[in-house]
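Colleague: please find the sequence and the predicted model below.
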Amino acid sequence: MYLFPLCLSFYLSCLFQVHHKQTFTSHGKAFAQALRLKPSSRIYGYAVLLVAFFISGLYHAVPEYRATSDWSTSVAAFQFFMMQVTGIMIEDAVVAVGKYLGLRRNVVVKVIGMVWFWLWMTWSGEDFVNSRIQTGEFQRHAPQHSVVRWILGLHSGRIDL
């Protein structure tokens with residue numbers, strides 16, 4: 001469980017930058033423009049973010065239901081994506097306070113940011129991961145011999161490396 005955010009961080013950043021950001025933010029921008037929000041305002045950015053993650057949540061929730069036939073995994077997937085909006089807003093508030101206090105971006109601040117990301121992903125992803133474990137989805141698609149399964153104590157015998 002605690003490896004989840006570490007393994008996922010690089011994958012999510014690449015996926016978000018390449019696919020999700022280009023695909024879903026255009027809908028968010030159209031929504032914000034329909035509300036006549038000023039593009040340079042913070043509320044415009046949050047409206048874009050909210051719509052993008054809402055669509056992304058639906059985009060992931062539907063296949064979750066198709067794969068598991070269990071609404072709990074679908075709801076957990078949607079909830080996970082919607083919670084990311086909250087995490088980003090909290091992070092923005094902390095950054096604003098830090099700027100107000102005169103903090104500069106340095107190694108310590110970057111490490112705090114990484115710890116924040118790790119803690120947030122662990123906390124917000126728990127229901128999603130647990131719902132996948134309960135439906136047996138991880139066991140069904142996991143390789144029989146895996147270093148990760150061995151580290152987690154889920155191995156079923158000898159691992160040939």
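Modeller: That came in fine, so what should we check first? Numbers count the residues shown, from 1 in each chain.
Colleague: so who does Lys110 touch?
Modeller: Shown in contact with Lys110 (C-beta atoms under 8 Å, 6 or more residues apart in numbering): no residues. No exception for glycine: its C-beta is placed from N, CA and C like everyone else's.
Colleague: repeat for Gly102
Modeller: Counting by C-beta under 8 Å, 6+ apart, Gly102 makes contact with nothing.
Colleague: next one: stretch 44-62 to chain centre, how far?
Modeller: 12 Å (C-alpha atoms, centre = their mean, to the nearest Å).
Colleague: what comes up buried for that stretch?
Modeller: 44-57, 59-61 (16 or more other C-beta atoms under 10 Å).
Colleague: touching it from outside, list them.
Modeller: 20-21, 24-25, 27-29, 31-32, 35, 37-38, 74-75, 77-82, 84-85, 88-89.
Colleague: drop anything exposed from those.
Modeller: Among the contacts of stretch 44-62, those scoring as buried are 20, 24-25, 28-29, 31-32, 37, 74-75, 77-78, 80-81, 84-85, 88 (criterion: 16+ other C-beta under 10 Å).
Colleague: mind telling me what element Ser72 is part of?
Modeller: Using DSSP states H and E, the element containing Ser72 is helix 71-100.
Colleague: what's the model's confidence in that helix, averaged?
Modeller: Averaged across helix 71-100, pLDDT comes to 88.
Colleague: what is that helix packed up against?
Modeller: helix 42-68, helix 107-134 (3 or more C-beta pairs under 8 Å, 6 or more residues apart in numbering; DSSP states H and E).
Colleague: angle of the longest one against helix 42-68?
Modeller: Orientation check (axes from the mean of the first three to the mean of the last three C-alpha atoms, to 10 degrees): helix 107-134 against helix 42-68 gives 30 degrees.
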